[in-house]
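Undergrad: quick one, fold the following:
(one chain, ligands or ions: 1)
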Amino acid sequence: EKYVAGLDKSSSTFSDRINELAARFREINDEYFEELENILIMADVGVSMVMKIVSEIKAEVRIQNITDPREINDIIVDKMFVIYANESVMSTKINYAPEGLTVILMVGVNGAGKTTTIGKLAHRIVHDEGKKVIVAAGDTFRAGAIDQLAVWAERVGVDIIKGKEGGDPSAVVFDALNRAKETGADVLICDTAGRLQNKVNLMNELEKMNRIIKRVVPEGPHETLLVVDATTGQNGVSQAIEFSKITDITGIVLTKMDGTAKGGIVLSIKDQLNIPVKFIGLGEQVDDLQEFDLEQYIYGLCK
Ligand code: GDP
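TA: Got it, this is the predicted structure:
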C-alpha cells in the first residue's frame with residue numbers, strides 16, 4: 001500500500017540505524033545512549049523531544065534491568081507512543097460543521113505544497129465523503145498561484161472562485177462564501193498567501209479573512225490547516241511555530257513524506273506545538289493524501 005511504502009522510504013534510515021546500533025553494541029552503556037541520541041536527532045525528532053525520550057528509555061532500562069540493546073527497540077516504540085499520546089487526545093478528523101457550510105483555511109509558506117494539498121484535500125472530501133466543495137484562490141500575492149489552483153480545481157471537478165492577482169484576498173473569500181451559500185456547498189477551502197517573510201501583512205490578511213468568514217459563518221473557520229514540507233526538518237518546525245504565533249492553527253499537513261523526509265518531524269511538532277498532524281502528503285497525484293495514523297507511523301518508523 002502507498003501509505004506504508006511512502007513511510008518506509010522516509011524512515012528506513014531510522015529503523016536501519018537503530019537496528020544496526022543494537023547489533024553493534026553488546027551492552028548498554030553511555031556510548032550506546034549517545035549514539036541513540038544522535039540517531040534520533042538525525043531523524044528530526046528535535047533536541048528536547050530526544051532528551052525526553054532518551055531519559056525515559058534510560059529509566060525503563062534501569063527498572064526492567066535490561067542489558068541487551070536489542071530489547072530496547074520495543075521500548076523506543078513504546079515511549080514514542082506514550083509521549084505522543086499522553087497529553088491531549090488529538091483527533092486527525094476534519095472538524096466539520098454539524099450543519100451548513102464548513103470553512104477550511106490553508107496556510108503555509110510558498111513551496112510547502114499548499115496548492116497541491118488543496119487539490120488533494122478537495123478530491124478526498126468530494127470523493128470519499130460525497131460532499132460538495134468550493135475552493136477560493138486567496139493567494140493573490142504569488143504570481144501563478146491562482147492559475148495553478150484553477151488547474152487543480154478543474155482536475156478535481158470543483159468550483160473555484162478567484163479574483164485578480166494582487167487583489168484583496170478577503171474579497172475573494174467573501175465572494176466564495178456567498179457562492180458557497182447560494183449553491184449549497186458543504187465545504188469551502190480557502191488558499192492564502194504564504195509570505196511568512198512579511199509577518200505583519202500576513203497576520204493582518206489572515207485576521208481580516210477570519211473576520212469576514214465569521215460574519216457569514218459565525219463559528220468558522222472550522223479548520224486552519226498549516227502545510228509543512230517534511231523534507232525541511234527542523235526549519236519546518238520553526239516555521240510552524242512562527243505561523244502558530246500569527247494565527248490559530250488547528251491541524252498540520254506534512255507534505256513530501258514520500259521523499260527523503262526524516263519522519264521524526266511528527267514527534268517534534270507534537271513536542272513543540274501540540275497540534276495534531278491530520279494528513280500526510282505522499283506524492284503529487286490527486287490521491288496522494290492520507291489521514292495521519294499514529295500507530296502505522298510509529299511502527300513504520302521503528303520496524
Ligand atoms: P505551494 O507553493 O505551497 O502552493 O506549493 P505547491 O503545491 O506548488 O507544491 C510545490 C511542489 O511540491 C510542487 O512541485 C508539488 O508537486 C510538490 N509537492 C507537493 N506536495 C507533495 C508531496 O506530498 N510529495 C511530493 N513528492 N511532492 C509534493
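
Undergrad: from now on I want contacts and neighbour counts done on CA atoms only, so please keep to that.
TA: Noted.

Undergrad: count of residues packed around the closest residue to residue 281 other than its chain neighbours?
TA: The shortest distance from residue 281 to any non-neighbouring residue, by C-alpha to C-alpha, 6 or more residues apart in numbering, is to residue 255 (4.2 Å). The burial count assigned to residue 255 is 26, neighbours taken as other C-alpha atoms under 10 Å.

Undergrad: quick one: residue 255 and residue 113 touch, right?
TA: Yes: with contact defined as C-alpha atoms under 8 Å, residue 255 counts as touching residue 113 (6.5 Å).

Undergrad: how much space between residue 234 and the ligand?
TA: As judged by C-alpha to the nearest ligand atom, to the nearest Å, residue 234 and the ligand stand 18 Å apart.

Undergrad: ok, that residue - contacts?
TA: 44, 46, 265 (C-alpha atoms under 8 Å, 6 or more residues apart in numbering).

Undergrad: that one falls within a helix, correct?
TA: Yes: inclusion of residue 234 in a helix is indicated when DSSP: H, G, I helix; E, B strand; the rest coil is applied.

Undergrad: rewinding a little: overlap of the contact sets of residue 255 and residue 113?
TA: In contact with both residue 255 and residue 113: 227, 228, 229, using C-alpha under 8 Å, 6+ apart.

Undergrad: only whichever of those are buried, select them in PyMOL.
TA: Selecting only the buried entries of those in PyMOL, with 16 or more other C-alpha atoms under 10 Å as the criterion:
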select buried, resi 227+228+229
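
Undergrad: now the shared contacts of residue 255 and residue 113 in JSON lines, with secondary structure?
TA: Formatted as JSON lines, these follow (three-state DSSP):
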{"residue": "227", "secondary structure": "strand"}
{"residue": "228", "secondary structure": "strand"}
{"residue": "229", "secondary structure": "strand"}
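
Undergrad: how about the shared contacts of residue 255 and residue 113 in JSON lines, adding distance to residue 236?
TA: Below are the shared contacts of residue 255 and residue 113 laid out as JSON lines (distance: C-alpha to C-alpha, whole Å):
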{"residue": "227", "distance to residue 236": "9"}
{"residue": "228", "distance to residue 236": "6"}
{"residue": "229", "distance to residue 236": "6"}
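
Undergrad: out of the shared contacts of residue 255 and residue 113, who's nearest residue 208?
TA: residue 227 (20.3 Å; C-alpha to C-alpha).

Undergrad: touching, residue 271 and residue 49? I think so.
TA: Yes: shown here, residue 271 and residue 49 form a contact pair, counting by C-alpha under 8 Å, at 6.2 Å.

Undergrad: compare the two (neighbour count), which wins?
TA: Between residue 271 and residue 49, residue 49 has the larger neighbour count (other C-alpha under 10 Å), namely 22 against 19.
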